[in-house]
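*Asks:* Kindly generate the corresponding structure for this input.
(2 chains)
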Amino acid sequence: MISIILPILIYAGSWCVQKRLAAFLCLTIIVAAPAYSTAQTHDYTDLSLEDLMDIEITSVSKRSQKISEAAAAVFVITNKDIQRSGAASIPEILRMAPGIHVARIDANKWAVTSRGFNGRFANKLLVLIDGRSVYTPLFSGVFWDVQDTLIDDIDRIEIIRGPGASLWGANAVNGVINIITKKASETNGGLFCAGIGTEDKHFGNIRYGAKLNAETDYRIFAKYFNRDYSLDSQGHKAEDKWDSLRAGFRMDWQSTDNESVTIQGDIYNNHSGDTITISTIAPPYSNVTDEDNISKGGNILARWKIQNPASSSMSVQIYYDSAEFKTEFLGSKYDTLDIDFSHLFSLSDSHKLMWGLGYRFIHENNKNSFYSSMHPDVLNDKILSAFIQGDTTLMDDSLCITMGSKFERNDYTGFEIQPNIRAIWSPRMDQAVWASISRAVRTPSHSETYGELKRYVYPPERLGTSLPVAITMMGDKNFESEVVIAYEIGYRIRPAQRLSLDIATFYNDYERLLSGEPGPLIYSPLLPYIIFPFKANNKMSGITYGVELSADWDMLDWWRFQASYTRLMLDYKMDSNSFDFASESFEEETPHHLFSLRSSMDLPHDLELDLWLRFVDKLPGQHVDSYTTLDLRLGWKPTQNMELSLVGQNLLERKHAEFRQEVLEVQQTEIERSVYGKIKYTF
Amino acid sequence: MKVLFKMTGQCKRLSIMASIILVSSMGYAADTDLSVNKEYQVKAAFMYNFAKFVEWPEHAFPDDSSSIILCVLGENPFGTAINSIDGKIAEGKRLEVRLYENLEDIGQCHILFISSSKAEELPVILASLKNRSVLTVGDIEDFAKRGGVINFITKNNRIHFEINVNAAQRAHLKISSKLANLAKIIRESAEGDN
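*Replies:* Next comes the predicted model:
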């Protein structure tokens, strides 16, 4: 949905919703152009006319730039930010954003969330790649190891903290991450990139793009990498090696009449490992074993769009996505078909309306074992949705009010309504205050409804029973959606031409959060064990509140600083009738402070020097200490076509731990200091 | 302002050598330079796009390998930004940038950017181009209404442009509908906005 909406938004000249994203992006582009010498003047010639018209410039008469008009906490990571960060994967890139907690569990697993509730199976963040949702219905989260593309071809990543549900639908409870790749017309030519390193051992990317005819461009790419194993807490080698192969394409057709068609797709094959503790029914009742995980999949997407800046825009998008992962004990294959329609038009000069419809069908086939199973193992889900949103500008365009709602019908909780109201007031060109109230829901995942996980098996002697007792996490059909009402206020100011500051604060009130309620023991003559079930229920509430600051200071043409700080507080509370004594402690598994400082220098002799300092607070609930770490990148462009870079990551310590996986007893490993060298050649 | 802009090059070089503290205060001093720079960097990229979306009559080019000649008349507001499009290929033709101080010096041009330093001479310049296939571009108030083909305008701190379709017709230029759809259309009889 988002990829349909965004271009429309960015297109239409004076829309408030659009301004927030487009303007923000443009601010970023502008400050992202530090040029040391005249030869390195920022080159905009690769941009399309539409993109050029979206770049905010400072007119000579008005010195200040108009501050972004997003009535939401938006952060944009540009292609340039990515290049300069040295980060090699999407989750690592996301560490730049305020409010986002990224933690590496092992070489091939991450926990990523916005505004709390982190976990490998974090479920309150919606992630889209070019309009395709990569949110897995199995556990309502994202398998980060299979979300990848050619990093050089990412145009930008838009991160919206806070509920984005009114536009993007359920599960955008705490945020939306929208990864947008470049149009094929922007990637004409060849790119070859290869490198070696201590952790990112070998990697290579190749892309070729060209014009098919005057109106059509395409590109194809392939990439491969293999990642070394990490170390466990004792310093022994872990079994989390990872290699990945991926290939994809994108084709864009742009008629002269503002009509465009995009067709894109990719396929991948990942092979990774870990060490898992599996419950067994026979003594010793648990088994520590190395497992291989094969993940493979592919997707194809087509989007048709017609847009006329003066009147309206319309688009239809359809995609098919198939993904599969398989280990010895777990496995799932899910196929998704999604169709979206959206339409935007003006009612008058100051009133705009946008609406849309969506349909998604998911077919899922699960592999069952004693340890983990799904009942039934084959599932078919249908989700129907509609949204409507109106924008009104008042007071000479200085006040913009947005109201809208998403309506969704799913097979689990029926009808869900997710409204929001937002306002932004820009009394002056260089500052803006915004506020919003929204309601969003996180719909039940398949695991919470049908899943069964034998988390531990207690030997008979432990509890004095005749049979072993399987402590089992069980889904429940009565599990309801989690709900949040979010209140947000933000302020943006550009106190000087080269400095912009953004403050976002929020207060989230959650109800019906997941709890695991013990149920009566289940005996069955057919089972050689007793089930002690903990059933999915909604007996927890919670509040989270916090502040996110970000600053962007283009101190000099050749030296830029970007900083962000996140303060997050949580308070979960079990309902009085709950017997879940564990879930409340999850509040101890969120860092209360996050800090990031990036420095980018363009030095003489075509050298680039980048520094990235990060601090992440401790997670007492996981016995994970706070850590401070530093990445360094030195880049050199000896010729126009060639770039050499040397990147050191996590330099301050030999190794550090970041996160322990919350469900499934996968061995947590520690992230080592690492170095890689890379050569990039364009032709 | 423009003088300041011309100094940017030296300013940047100096700042490299200065100490961090000194330099940071210079950073602010250079603000104005940067803003002019940015605006014209984007405008340069627009001109490159214009070259792609405008079709000249065949006789405008001696042969297939001829360049599209882009002339800047008057004080060059682009500075070095104009180099970013010099030599670029637009629809199979190389873009060649030439700078001219005076109208008399101008030879063959396909695109003529008329600097605001020449605003007063505009009627003379336009008259001298009459019936020639030259895409005139400017960022002067009412440039398009006064007979220029494309005028840059700034709206919401963003660059937009207007196209005088009658002037384009007179110059036998074919403006692609993509370009026209993004533009504010100016008609000489009456103003319309498409």
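*Asks:* Ranking helices and strands of chain B by mean pLDDT, which lands last?
*Replies:* Lowest mean confidence among the helices and strands of chain B (mean pLDDT, DSSP states H and E): helix B:20-29, at a mean of 31.
*Asks:* On the three-state scheme, A:Ser585 is what?
*Replies:* Recorded secondary structure, A:Ser585: helix (DSSP: H, G, I helix; E, B strand; the rest coil).
*Asks:* measure it to A:Ile471 for me?
*Replies:* Computed as Cβ to Cβ, to the nearest Å, the A:Ser585 to A:Ile471 distance reads 17 Å. Backbone N, C-alpha and C define where each C-beta goes, glycine included.
*Asks:* More neighbours: which of the two?
*Replies:* Neighbour count, other Cβ atoms under 10 Å in any protein chain shown: between A:Ser585 and A:Ile471, A:Ile471 has more, with 17 against 11.
*Asks:* So that one is in contact with A:Leu453, correct?
*Replies:* No - contact criterion Cβ atoms under 8 Å: A:Ile471 and A:Leu453 do not qualify, at 9.4 Å.
*Asks:* Go ahead and flag the most central residue of chain B.
*Replies:* A centroid search over chain B (Cα atoms, centre = their mean) returns B:Phe113, at 4.4 Å, as the residue closest to the centre.
*Asks:* partner strands of the helix or strand where that residue lies, parallel or antiparallel?
*Replies:* Using DSSP states H and E, B:Phe113 maps to strand B:111-114. Using DSSP bridges, the strands paired with strand B:111-114 are strand B:68-73 (parallel), strand B:135-138 (parallel).
*Asks:* Adding distance to A:Ser385 and mean neighbour count, write these out as CSV.
*Replies:* CSV is the format used below for those (distance: least, Cβ to Cβ, whole Å; neighbours: other Cβ atoms under 10 Å in any protein chain shown):
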stretch, distance to A:Ser385, mean neighbour count
strand B:68-73, 49, 24
strand B:135-138, 46, 25
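*Asks:* of all the ones you listed, which lies closest to A:Asp54?
*Replies:* Among the strands paired with strand B:111-114, the nearest to A:Asp54 by Cβ to Cβ is strand B:135-138 (20.0 Å).
*Asks:* After the strand holding B:Phe113, which helix or strand is next?
*Replies:* For strand B:111-114, the succeeding helix or strand toward the C-terminus, using DSSP H and E, is helix B:122-128.
*Asks:* outside of that following helix, which residues touch it?
*Replies:* Helix B:122-128 is contacted by residues B:73, B:103, B:114, B:118, B:136, B:138, B:140, B:143, B:146-148 when judged by Cβ atoms under 8 Å, 6 or more residues apart in numbering or on different chains.
*Asks:* Return the closest of those residues with respect to A:Tyr44.
*Replies:* Nearest to A:Tyr44 among those, counting by Cβ to Cβ, is B:Gly138 at 19.4 Å.
*Asks:* show me what contacts the closest one?
*Replies:* Contacts of B:Gly138 were listed using Cβ under 8 Å, 6+ apart, and they are B:113-116, B:122, B:148, B:150-152.
*Asks:* from these, which has minimum pLDDT?
*Replies:* Minimum pLDDT for the contacts of B:Gly138 is recorded at B:Ser116 (87).
*Asks:* Now that one: closest residue in space, sequence neighbours ignored.
*Replies:* Leaving aside its sequence neighbours, B:Ser116 sits nearest to B:Ile140 (Cβ to Cβ, 6 or more residues apart in numbering or on different chains; 5.3 Å).
*Asks:* For burial, what's the neighbour tally of the residue of the stretch 351-500 of chain A found nearest chain B?
*Replies:* Residue nearest to chain B within the stretch 351-500 of chain A: A:Gln497 (4.1 Å; Cβ to the nearest Cβ). For A:Gln497, the neighbour count with other Cβ under 10 Å is 21.
*Asks:* how close does it sit to B:Thr80?
*Replies:* Using Cβ to Cβ, A:Gln497 is found at 20 Å from B:Thr80.
*Asks:* Check B:Thr154 too.
*Replies:* B:Thr154 is 22 Å from B:Thr80, where distance means Cβ to Cβ.
*Asks:* before we move on, what about A:Val441?
*Replies:* 54 Å.
*Asks:* can you list the contacts of B:Gly138 in CSV and add distance to A:Val112?
*Replies:* CSV is the format used below for the contacts of B:Gly138 (distance: Cβ to Cβ, whole Å):
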residue, distance to A:Val112
B:Phe113, 48
B:Ile114, 53
B:Ser115, 51
B:Ser116, 50
B:Leu122, 57
B:Gly148, 52
B:Ile150, 46
B:Asn151, 47
B:Phe152, 43
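*Asks:* of these, closest to A:Val261?
*Replies:* Closest to A:Val261, out of all of these and judged by Cβ to Cβ, is B:Ile150, at 28.1 Å.
*Asks:* Can you name the residues bridging to the residue nearest to that closest one when sequence neighbours are not counted?
*Replies:* Excluding its sequence neighbours, the residue lying closest to B:Ile150 (Cβ to Cβ, 6+ apart) is B:Val137, at 4.7 Å. B:Val137 forms beta bridges with B:Phe113, B:Ile150, as assigned by DSSP bridges.
*Asks:* quick one: contacts for A:Met574?
*Replies:* Neighbouring residues of A:Met574 by Cβ under 8 Å, 6+ apart: A:515, A:539-540, A:580-581, A:583-584.
*Asks:* And for the residue in the stretch 101-250 of chain A that chain B sits nearest to, the neighbour number?
*Replies:* Across the stretch 101-250 of chain A, the shortest distance to chain B (Cβ to the nearest Cβ) belongs to A:Ala214, at 7.7 Å. Neighbours of A:Ala214 under the rule other Cβ under 10 Å: 12.
*Asks:* per-residue pLDDT, it?
*Replies:* 82.
*Asks:* check contacts around residue 106.
*Replies:* Looking at chain A here, since you left the chain open. A:Asp106 makes contact with A:230, A:238, A:240, A:274, A:666-669 under the criterion Cβ under 8 Å, 6+ apart.
*Asks:* ah, no, chain B please
*Replies:* Contacts for B:Ile106 (Cβ under 8 Å, 6+ apart) come out as B:71, B:73, B:100, B:112.
*Asks:* how about residue 172, what does it touch?
*Replies:* Reading this off chain A. Contacts of A:Ala172 by Cβ under 8 Å, 6+ apart are A:125-126, A:163-165, A:440.
*Asks:* Hmm, no, I was thinking of chain B.
*Replies:* B:56-57, B:133.
*Asks:* 6 Å instead?
*Replies:* Residues near B:His172 by Cβ atoms under 6 Å, 6 or more residues apart in numbering or on different chains: B:57, B:133.
*Asks:* From A:Leu527, how far off is the residue of chain A most remote from its centre?
*Replies:* In chain A, A:Ser466 marks the outermost C-alpha relative to the chain mean, sitting 47.4 Å out by Cα atoms, centre = their mean. Separation of A:Ser466 from A:Leu527 (Cβ to Cβ): 12 Å.
*Asks:* ok, now A:Pro468?
*Replies:* For A:Pro468, the distance to A:Leu527 - Cβ to Cβ - is 10 Å.
*Asks:* same check, this time on A:Ala73
*Replies:* Computed as Cβ to Cβ, the A:Ala73 to A:Leu527 distance reads 50 Å.
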